[in-house]
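Participant: The amino acid sequence is not available; the structure is as follows:
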Ligand code: GUN
């Protein structure tokens with residue numbers, strides 16, 4: 001039976017560390033602040049934004065909230081971002097995705113100053129990561145590395161297979177695992193004989209977006225299995241991309257859904273915001 005990686009516990013440890021860092025900054029006269037922009041009324045986005053704001057407050061980070069109507073003009077959104085770029089009291093800027101149809105997401109993300117890009121989505125942040133320079137790293141993959149570190153999981157020299165090639169998870173995850181000296185394979189929906197490739201993995205990271213897609217036939221005995229999925233099963237119950245029931249019998253370590261990778265994303269957002277504020281000292 002696999003060791004279950006407790007993302008909720010690790011994330012709450014990180015949040016407590018963030019609170020200490022925020023207090024130390026305040027003693028130096030800096031109040032760390034994150035601007036959160038939500039456009040439109042996507043219900044899932046509303047929940048995500050509410051959770052991010054709550055986590056900020058608990059960690060002693062000021063959250064400055066902008067809730068804009070769905071028919072906001074792209075130019076007005078970019079104007080707001082420019083204003084926040086110039087505001088030295090704001091250390092991070094987050095535009096919740098997806099944006100309403102008609103707004104060019106790339107253009108909006110590129111308007112955020114790379115110095116305040118706490119989501120790590122700006123091409124400058126992505127470029128820095130790819131050539132090994134310091135910069136903001138996308139929160140979910142950064143959170144996965146932190147989880148493995150805190151469980152003393154060796155990454156160097158390991159075979160890592162990633163399922164999924166998105167800009168937010170798969171690609172930055174591969175770059176981070178390379179930085180940890182793993183040997184990395186990125187797979188996707190067109191990969192031939194996916195289970196056989198995955199069975200080579202010492203560390204299998206799954207971000208394919210299909211409920212319980214990965215069963216024990218994908219997993220080598222003792223492997224570390226990280227589930228980035230957030231899906232609904234046939235009974236509408238929250239589940240991941242990994243069939244926890246069968247895979248937990250084979251894996252060495254496994255992250256549950258919920259309570260695995262999910263809570264780490266917000267913890268890393270706080271961490272990125274504080275890194276940005278600490279750069280102001
Ligand atoms: N929408 C889904 N995930 C994310 C995220 O990590 N950041 C932002 N800004 N929007 C998202």
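Facilitator: Thanks, I have it. Owing to the predicted nature of the structure, the values given are computational and were not obtained by experimental measurement.

Participant: use CA for all of it now, contacts and neighbours both
Facilitator: Noted.

Participant: what about the closest residue to the ligand within the stretch 101-250 of the chain, neighbour count?
Facilitator: With C-alpha to the nearest ligand atom, the shortest gap between the stretch 101-250 of the chain and the ligand falls at residue 119, namely 5.9 Å. Applying other C-alpha atoms under 10 Å, we find 25 residues neighbouring residue 119.

Participant: Skipping its backbone neighbours, what lies nearest it in space?
Facilitator: Using C-alpha to C-alpha, 6 or more residues apart in numbering and skipping residues adjacent in sequence, the residue nearest residue 119 is residue 138, 5.3 Å away.

Participant: List the residues that contact the one you found.
Facilitator: 118, 119, 120, 121, 168, 169, 172 (C-alpha atoms under 8 Å, 6 or more residues apart in numbering).

Participant: The second one looks like it's in a strand, true?
Facilitator: So the one you mean is residue 119. No - if the criterion is DSSP: H, G, I helix; E, B strand; the rest coil, then residue 119 is coil and not within a strand.

Participant: Spell out which parts of the protein neighbour the ligand.
Facilitator: 94, 95, 96, 97, 98, 119 (C-alpha under 6 Å from any ligand atom).

Participant: Buried only: go through the residues you listed for me.
Facilitator: Neighbour-count burial (16 or more other C-alpha atoms under 10 Å) applied to the residues of the chain next to the ligand gives 94, 95, 119.

Participant: need the contact list for the residue of the stretch 101-250 of the chain closest to the ligand.
Facilitator: Counting by C-alpha under 8 Å, 6+ apart, residue 119 touches 94, 136, 137, 138, 139, 269, 272.

Participant: would you say the third one is within a helix?
Facilitator: No - counting by three-state DSSP, one finds residue 137 to be coil, located in no helix.

Participant: Can you check which helix is longest in this structure?
Facilitator: helix 7-27 (DSSP state H).

Participant: ok so, going back, pLDDT and distance to residue 87 added to the contacts of residue 138, as CSV?
Facilitator: Putting the contacts of residue 138 into CSV (pLDDT from 0 to 100; distance: C-alpha to C-alpha, whole Å) gives the following:
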residue, pLDDT, distance to residue 87
118, 98, 15
119, 98, 18
120, 98, 19
121, 97, 20
168, 94, 27
169, 97, 30
172, 98, 29
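
Participant: Neighbour-wise, give me the winner out of those residues.
Facilitator: Most neighbours among the contacts of residue 138, by other C-alpha under 10 Å: residue 118, with 30 neighbours.

Participant: what stretches of the stretch 151-281 of the chain score poorly on pLDDT?
Facilitator: Applying pLDDT under 70 to the stretch 151-281 of the chain flags the ranges 281.

Participant: so where do the strands sit in it?
Facilitator: Residue ranges of the strands in the stretch 151-281 of the chain, as given by DSSP state E, counting those that start in this stretch, are 159-163, 183-187, 203-206, 224-227, 231-232, 238-239, 253-254.

Participant: And the contacts of the fourth one?
Facilitator: Residues external to strand 224-227 that are found in contact with it (C-alpha under 8 Å, 6+ apart): 144, 202-207, 240-242, 251-257, 260-261.
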